[in-house]
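What shape does this take:
(4 chains)
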There are 2 protein chains.
Amino acid sequence: MNIRVAIVEDDKNYSQALKNIIDFQEDMECVAQFFNGKNALQKLEALEPDVVLMDIQLQDLSGIDIVFKLTELMPSTTFVMCTSFENDEKIFSALRAGASGYLVKGDSLAKIIQAILEAHKGGAPMSFAIAKRVLQHFQESKVQVQSLALLTVTEKEVLELLAQGLLYKEIADKKSVTIDTIKKHIGNIYRKLQVSNKIEAINKFNHKN
Amino acid sequence: MNIRVAIVEDDKNYSQALKNIIDFQEDMECVAQFFNGKNALQKLEALEPDVVLMDIQLQDLSGIDIVFKLTELMPSTTFVMCTSFENDEKIFSALRAGASGYLVKGDSLAKIIQAILEAHKGGAPMSFAIAKRVLQHFQESKVQVQSLALLTVTEKEVLELLAQGLLYKEIADKKSVTIDTIKKHIGNIYRKLQVSNKIEAINKFNHKN
DNA sequence: CAATCAATTACCCGTTTGGGTGATATTTTA
DNA sequence: TAAAATATCACCCAAACGGGTAATTGATTG
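Numbers count the residues shown, from 1 in each chain, chains lettered A, B, ... in the order given. The predicted model follows:
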C-alpha cells in the first residue's frame, strides 16, 4: 500500500521537484499538489492523504493555520512542515498546531523522503537545525530554574501553591499557618526573585518568560 | 584533532562496548569511563572532554543533576544522555538541565557514534522515540490554545500583556484606553475562559496546566 | 435593515495584594 | 557556641483587583 502524499507549496519548481522524487519511490505517490492555502484547506480533507508536506509561507494563508484546522478534521493524516522560513516562533506555533515533523528546504530530497517514511510510521522527523532550536527552547528555562534555588523549601511550596492560583488565605489554610506568615514568605520570594507581583513570580516559577 | 569522549555509565558491559566503538573511530577517543556519579562529578571538569555520554539511572546520583551542575562549569563540553530510562519527565528534566542530545540504549552503536559527531558539531541528536515525545509535549497544549480561540483579538492582546506581568493601568496606557476598558476586557476574558483571577487565566494562556 | 456583538468609557464597592516595620522561636551554619 | 537564616505571627496602609451595572459607538451578520 503506497503512502499517499500531498504537497502544499507555492513555489512550483520546488513542488514539482518534490512530486518527482516522491513518485519515483516505489512505496509512495504524490496524490495532489496545492499552490495556495485556500485550495488546500478546501480539498485536502476529501483526499485523505497519509502525509502532507506543508510550506508555512503561502501567499494567501499561513500553513500553520491550515495545519491547525485540518489536524482536527483529519486525525489520521500526518503533517510535516517543509519550509525555508524558520524563526523560533514559527517552529513552535507549527508544532503546537499539530505538525508531526519540521524540515527545512535546505534538507536534501533524500532526507525528505526519509522524513515522509518516518512521519508515516508515527515518528517525528526534524531537521538537525530544528531539533537544535527545540532543545534550546528547553535549555532557556535553566536560568529560571537556578534562580529558584535561592528559595527555601517553604518558599518553594508557597510559590507552587500561588502558581496554582490559590489566594494567600487558601495557602495559609492549606499550610495551617496565618495569612501574615504567607504574606511574609511571598514578600521574601519576591525579593529573592527580584519581582514585585504574583504574575512575575509565577512566570519565573513556570520557567516560561 | 580527536573528539574526546567521556562515558558515565554504571553498566560496565555497555560502557565497555561504547568505549570500544568510540576508540575504533579514527576521529574519536574515549578519555574516561566513570561507573558512578560521584567520580564523574569530581573528575569530569579537569578532563575537559568534548562530549560526555551520560546515563541517567546511576546508583548514587542522578545523571540529570550531574549535567545540571557540570554544564555550568564546562560550557564547552556537550552532554548527551544515553539511557534506557525514558519517561517524559526525565527527558524534559535532562534537556532543561542542559543536555544537548538524548539517545536511548536501544539505538545502534553506529547511531550513537553519529550522535557524538553531531553533538560535537553543535547539533541536537535525538532518538526518533525522544523526538516524538518532545513533539508531543508541544502538541498537548493544543487544547488550551483552542479555548483561546474564543477570545477576540483585543482580548488576546490584553491577556498577552497581563501574562507579561503588566498592571491594568500599564496595559491601559500601552493600548491608549482607560483602565476601566481594560477591566471590562479582563472580565470578559475571565468569563470566556471560565476563570476568576489573573493566575488562572494566565495559566490557560501559557498552555501550562 | 434590524439585531447582535465588539469595543469603549464610567462609576461603585468590597476584597486582595504588596510594602513596610517589628518581634520571637527554631534551625542551620560557620 | 555564636551568628545567620528560617519560619512564624502581627499591624498598618495604599494600591490593585474582581464583580456588578449601565450607556454609547461601530462593525458584522442574518
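
Give me the secondary structure label for residue A:85.
The three-state assignment at residue A:85 reads coil, by DSSP: H, G, I helix; E, B strand; the rest coil.

For it, which non-adjacent residue is spatially closest?
Leaving out its chain neighbours, the residue that sits closest to residue A:85 by CB to CB, 6 or more residues apart in numbering or on different chains is residue A:57, at 4.7 Å. All C-beta atoms are positioned from the backbone trio N, CA, C, and that covers glycine.

Just confirm that neighbour contacts residue A:63, I think it does.
Yes: assessed by CB atoms under 8 Å, residue A:57 is found in contact with residue A:63 at 7.2 Å.

Common neighbours of these two, please.
Here residue A:57 and residue A:63 share the contacting residues residue A:83, scored by CB atoms under 8 Å, 6 or more residues apart in numbering or on different chains.

Which one's more surrounded, these two?
Counted by other CB atoms under 10 Å in any protein chain shown, residue A:57 and residue A:63 do not tie: residue A:63 has more neighbours, with 28 against 14.

Could you pull up the residues touching the closest residue to that one other than its chain neighbours?
Excluding its sequence neighbours, the residue lying closest to residue A:63 (CB to CB, 6+ apart) is residue A:56, at 4.1 Å. Residue A:56 sits next to A:62-64, A:81, A:83, A:85, A:90, A:94 when contact means CB under 8 Å, 6+ apart.

Residue A:29 in helix, strand or coil?
Secondary structure for residue A:29, judged by three-state DSSP, is strand.

can you check residue A:135 too?
helix.

Now do it: how many residues are near it, please.
The number of residues packed near residue A:135 is 21, by other CB under 10 Å.

I'd assumed residue B:96 was in contact with it.
No: applying CB under 8 Å as the test, residue A:135 and residue B:96 come out as separate, 10.0 Å apart.

measure residue A:62 to chain B for me?
Relative to chain B, residue A:62 is positioned 14 Å away (CB to the nearest CB, to the nearest Å).

With adjacent residues omitted, what lies nearest to that residue?
Spatial nearest neighbour of residue A:62, chain neighbours left out: residue A:56 (6.6 Å); criterion: CB to CB, 6+ apart.

Mind jotting down where the helices sit in chain A?
Secondary structure of chain A (DSSP state H): helices at A:12-24, A:37-47, A:63-73, A:88-97, A:109-120, A:128-139, A:141-148, A:153-163, A:168-175, A:179-193, A:198-205.

For the second one, which outside residues touch it?
Pointing back at helix A:37-47 there. Helix A:37-47 is contacted from outside by A:4, A:6, A:8, A:31-32, A:34, A:52, A:54, A:58-63, A:65-66, A:69-70, A:73-74, A:77, using CB under 8 Å, 6+ apart.

quick one: it to helix A:63-73, angle?
With axes from the mean of the first three to the mean of the last three CA atoms, to 10 degrees applied, the angle from helix A:37-47 to helix A:63-73 works out at 20 degrees.

What of the longest one?
Angle, helix A:179-193 to helix A:63-73, by the same axes, to 10 degrees: 140 degrees.

Report all helices and strands that helix A:179-193 contacts.
helix A:141-148, helix A:153-163, helix A:168-175, helix A:198-205 (3 or more CB pairs under 8 Å, 6 or more residues apart in numbering or on different chains; DSSP states H and E).

of all those helices, which lies closest to residue A:101?
Among the helices and strands packed on helix A:179-193, the nearest to residue A:101 by CB to CB is helix A:141-148 (23.7 Å).

In space, what's closest to residue A:166 - neighbours in sequence excluded?
Excluding its sequence neighbours, the residue lying closest to residue A:166 (CB to CB, 6+ apart) is residue A:174, at 7.2 Å.

Next one, pLDDT for the one you found please.
For residue A:174, the pLDDT comes out at 88.

again, but for residue A:187
pLDDT for residue A:187: 90.

nearest spatial neighbour of the residue of chain A positioned farthest from its centre, skipping sequence neighbours?
Within chain A, residue A:178 marks the point farthest from the mean C-alpha position, 42.1 Å out by CA atoms, centre = their mean. Spatially, and ignoring its direct neighbours in sequence, residue A:178 is nearest to residue A:172 (5.9 Å; CB to CB, 6+ apart).
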